[in-house]
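Undergrad: next one to model:
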Amino acid sequence: MSLLNLFVDYNGRRVHAGTLGDDKVFRKTVKSRDKLLYLDAFGLDKGYMDDALRFGAQKIELTVCDIGEVYETDVFTFKSNAIQRRVGKFGSRYYLPLKFWNNRTVKRKEQKK
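TA: Numbering: from 1, shown residues only. You can find the predicted model right below:
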């Protein structure tokens, strides 16, 4: 499977934002602290999300690495319900409240002692 890596500029550095696979799923890893509480949503930068959609993404998958949860949604739901905002130090982002995502818990790897 080939992957298209998408990047974002953050504090003057080029940072990996996520990947778009042959299966047309855009995958991104986040941490639970990244969630914007008052919208109950994770922020996805407009730049790389617009790229992912332009390159044919059909689904979006967020893995919350520190709690072992995976959220999935389709592009139609994302486009129909995402809220575009600028919050704090970040540029324009899309926020899709978690009520629009399908959720599943995955088994986390055992932490080394």
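
Undergrad: longest helix in the chain, by number of residues?
TA: Taking DSSP state H as the criterion, the chain has its longest helix at helix 46-54.

Undergrad: tell me the mean pLDDT for it?
TA: Taken as a whole, helix 46-54 carries a mean pLDDT of 96.

Undergrad: from the chain's centre, how far out does it sit?
TA: Its chain's C-alpha centre and that of helix 46-54 lie 11 Å apart, by C-alpha atoms, centre = their mean, to the nearest Å.

Undergrad: name the strands paired with the helix or strand following it and say parallel or antiparallel.
TA: Next helix or strand after helix 46-54 toward the C-terminus (DSSP states H and E): strand 59-64. With DSSP bridges as the test, strand 59-64 is paired with strand 25-30 (parallel), strand 69-74 (antiparallel).

Undergrad: can you list the buried residues in the longest helix of the chain?
TA: Residues of helix 46-54 classed as buried by neighbour count (16 or more other C-beta atoms under 10 Å): 46-49, 51-53. (Each C-beta comes from the backbone N, C-alpha and C, glycine too.)

Undergrad: swap in stretch 2-14?
TA: 6, 8.

Undergrad: so where do the helices sit in this protein?
TA: 46-54, 75-81.

Undergrad: need those in JSON lines with distance to Phe7, can you?
TA: Below are the helices of the chain laid out as JSON lines (distance: least, C-beta to C-beta, whole Å):
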{"stretch": "helix 46-54", "distance to Phe7": "7"}
{"stretch": "helix 75-81", "distance to Phe7": "20"}
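
Undergrad: so which of those is nearest Thr63?
TA: helix 46-54 (15.4 Å; C-beta to C-beta).

Undergrad: which elements pack onto that closest one?
TA: strand 3-10, strand 13-21, strand 92-95 (3 or more C-beta pairs under 8 Å, 6 or more residues apart in numbering; DSSP states H and E).

Undergrad: strand partners of the longest one, parallel vs antiparallel please.
TA: The reference is to strand 13-21. In the sheet, strand 13-21 lines up with strand 3-10 (antiparallel), strand 25-30 (antiparallel) (DSSP bridges).
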